[in-house]
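**Q** generate a structure from the sequence data that follows.
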Amino acid sequence: MRIEAFIAVLLIAFSFNFVNSSNPPYVKINVEPYSTLYEGEIIDCNISNANNFFWKIESGNKHATFYGDDILLFDPEPMPLGKEYVNLTLYAENANGIAYDSIPVKIKRIYFGDIHWHTNISDAKYGIDEMYRNAIEDNYLDFAACSDHGELIDLPNTIFGGVRENDFIKTLIDLIMGKSEWELMKEKAEEYYMPGKFSTLLAFEWTAAQWSPGGWNGWNDVGHINFYYRDVYEDAPKFSFYTKLDFDDIFEVMAEEWERGHLNIAFPHHPQAKIYFNILGKKLPCSFTINWSYMANEIKNKEARNKVLRGGEVYSKWGCSIGQHYTPDVPWLYGYEEESFYNLTDAWMENAFWEWSENRRQCKFVMIASSDTHAVNRPASSLGDGNNMNNPSGLVAVYATHNTRHEIWDALNECNAYALQLHKLRALAKFDGKIAYGRWINCSKPLKIEITALATFDGIDSSNKSMRPHGYLESLNFKITDIWIVKKDKQKGRPWCKVIAHFTPNDEVAVASYEDNDVVPNDFYWVAIKQSNGIDEYMAFLGPVFIYDVE
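**A** As a prediction, this is how the structure comes out:
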């Protein structure tokens with residue numbers, strides 16, 4: 001095995017190339033025109049005889065992120081709507097003039113969203129308009145999705161802890177007048193959609209659990225799952241645990257919706273969660289867990305599952321569902337509160353990776369994160385909900401060409417996404433030169449893994465979005481402190497993982513590479529990145545990537 005770790009430097013004014021004062025500078029971008037580039041990629045370039053160099057997208061800002069002479073493509077301007085390609089131009093200067101090279105490219109930029117939050121349509125405190133308006137006014141998110149509980153949409157919510165004033169009366173009036181909260185959710189998803197600036201997804205949460213009809217005979221085949229439609233389809237339905245009792249029921253009906261043209265994807269969440277009910281003075285626990293082993297092996301219609309399932313929510317205000325026990329070398333930041341934590345082996349995310357890696361299943365599975373907020377009046381807030389959900393929000397990051405509903409959904413569908421705790425940490429991980437989170441790849445041996453990361457910075461980014469989440473008052477001058485590369489631990493067995501490389505760059509920008517000579521079919525890998533501002537620490541989780549065959 002060979003480990004290499006490098007720290008990229010923000011080269012703003014000076015080059016390490018020897019400058020011959022009598023010659024003009026020279027630059028060359030060594031990329032084929034009309035290539036697709038991902039934010040975070042290192043772009044091979046040649047620069048000579050220059051004392052200053054920078055890159056630009058079209059006529060945008062000067063960018064000075066380089067790795068040696070190579071462009072480090074972080075925080076590029078968004079692709080204009082309607083354009084498939086933009087000009088990437090590299091400039092170099094010295095006293096004798098300026099040189100440049102320009103090529104047309106397609107750029108998949110990183111966009112940030114919170115796609116799991118609730119309103120008083122179901123069991124949360126605030127209205128849907130207030131939640132959407134605050135998300136837009138905060139200018140923090142690129143996309144969002146209201147995911148109210150299917151069993152409470154168009155029904156009284158106070159019976160399950162909702163707080164809407166005069167709820168039964170309002171629900172009765174809506175019923176008499178023919179109003180529908182599900183139709184309202186569709187209307188609001190359209191109303192607040194601003195292509196290029198703020199995208200919305202139509203979603204609902206299927207909330208089967210131990211106390212719902214599907215859980216009365218055991219709760220291995222129930223759990224909480226969010227479903228996201230590709231469009232606001234006029235006749236798209238929502239479902240509840242009253243009619244779709246277990247995993248098979250809900251996956252089958254949503255696969256049928258897909259075949260009807262209602263494209264949708266699914267992400268289960270808070271896999272370790274539990275709550276308590278007070279019944280006749282007794283405090284009784286109720287499971288909100290996800291049994292990944294059952295979902296992988298025991299459901300009957302695996303084809304339906306594979307059509308819609310795309311991964312799991314590794315982090316939300318409930319807590320983090322990876323690390324601690326089965327990857328102990330990776331810190332467990334913002335874990336579950338003890339009272340809301342089941343700590344079941346089958347419910348850890350590491351177990352999901354193991355189950356998906358066995359027998360080369362070929363179905364997708366990626367980590368995302370969001371907030372699941374119920375008691376804060378906007379998504380993506382640093383403020384906790386209190387009680388058993390007192391952690392800061394999670395975020396999901398996606399790589400997409402444009403910030404439109406279809407392209408954000410397509411990125412989630414293809415697993416071009418990763419998970420974050422609260423802050424916008426930009427990152428990219430390549431495995432054998434491929435960007436393949438949540439997917440299966442053939443690779444060479446040794447397997448080369450390359451990681452780049454840009455920590456949260458103060459101010460606004462190149463899309464004019466704020467870098468400061470709601471309620472966060474501390475410094476935004478973060479540094480990447482740690483990068484872990486993690487893989488399946490075959491010696492210990494399911495669900496163990498092991499750290500095979502650990503880097504400590506302690507800089508705003510980090511580049512790391514590693515070669516694994518022990519790669520075999522059915523392996524999986526994932527990456528954890530930690531950033532710190534000296535006061536707080538937050539994580540990003542990328543992957544997993546599954547190995548189908550080794551060439």
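**Q** neighbours of R494, how many?
**A** R494 has 18 neighbouring residues, counting by other Cβ atoms under 10 Å. Where you see a C-beta, it was placed from the backbone N, CA and C, and this is true even at glycine.
**Q** show me what contacts it?
**A** Listed by Cβ atoms under 8 Å, 6 or more residues apart in numbering, the contact set of R494 reads 351, 354-355.
**Q** do the same with A208
**A** Counted by Cβ under 8 Å, 6+ apart, A208 has contacts 214-215, 222-224, 241, 244-246, 250.
**Q** now do the end-to-end distance for stretch 194-212.
**A** End-to-end distance for stretch 194-212, by Cα to Cα, to the nearest Å: 38 Å.
**Q** any buried residues in that stretch, and which?
**A** For stretch 194-212, the neighbour count (16 or more other Cβ atoms under 10 Å) marks 197-212 as buried.
**Q** got it, and stretch 81-99?
**A** For stretch 81-99, burial by neighbour count (16+ other Cβ under 10 Å) applies to 85-86, 88-94, 99.
**Q** if we take those residues, which one ends up nearest to F54?
**A** Comparing the buried residues of stretch 81-99 against F54 with Cβ to Cβ places Y91 closest, at 5.5 Å.
**Q** Provide the secondary structure category for that closest one.
**A** Following DSSP: H, G, I helix; E, B strand; the rest coil, the label given to Y91 is strand.
**Q** and the closest residue to it other than its chain neighbours, how many neighbours?
**A** Closest residue to Y91 apart from its sequence neighbours, by Cβ to Cβ, 6 or more residues apart in numbering: Y100 at 4.7 Å. With neighbours defined by other Cβ under 10 Å, the count for Y100 comes to 16.
**Q** just confirm Y100 is within a strand.
**A** Yes - remark: Y100 belongs to a strand, assigned using three-state DSSP.
**Q** so what's it up against?
**A** Counting by Cβ under 8 Å, 6+ apart, Y100 makes contact with 27, 89-92.
**Q** got the CA coordinates for stretch 83-93 in PDB?
**A** Presented in PDB, the C-alpha positions along stretch 83-93 are these (Å, rounded to 0.1, in the frame of the first residue of the first chain):
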ATOM      1  CA  LYS A  83     -26.600  26.500 -21.700                       C
ATOM      2  CA  GLU A  84     -25.000  23.000 -21.900                       C
ATOM      3  CA  TYR A  85     -21.500  24.300 -22.000                       C
ATOM      4  CA  VAL A  86     -19.400  27.200 -20.600                       C
ATOM      5  CA  ASN A  87     -15.900  28.400 -21.400                       C
ATOM      6  CA  LEU A  88     -13.300  27.500 -18.800                       C
ATOM      7  CA  THR A  89     -10.300  29.800 -19.300                       C
ATOM      8  CA  LEU A  90      -6.900  29.700 -17.600                       C
ATOM      9  CA  TYR A  91      -4.900  32.900 -17.600                       C
ATOM     10  CA  ALA A  92      -1.200  33.400 -16.800                       C
ATOM     11  CA  GLU A  93       0.700  36.700 -16.600                       C
END
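**Q** in what helix or strand does V527 lie?
**A** Using DSSP states H and E, V527 falls within strand 524-532.
**Q** check the secondary structure at the residue nearest to K430 when sequence neighbours are not counted for me.
**A** Excluding its sequence neighbours, the residue lying closest to K430 (Cβ to Cβ, 6+ apart) is E450, at 4.5 Å. Under three-state DSSP, the three-state class of E450 is strand.
**Q** would you list the phi and psi of I47?
**A** Main-chain torsions, I47, degrees, to the nearest 10: phi -130, psi 130.
**Q** hang on, it packs against D69?
**A** Yes - under the criterion of Cβ atoms under 8 Å, I47 makes contact with D69 at 4.4 Å.
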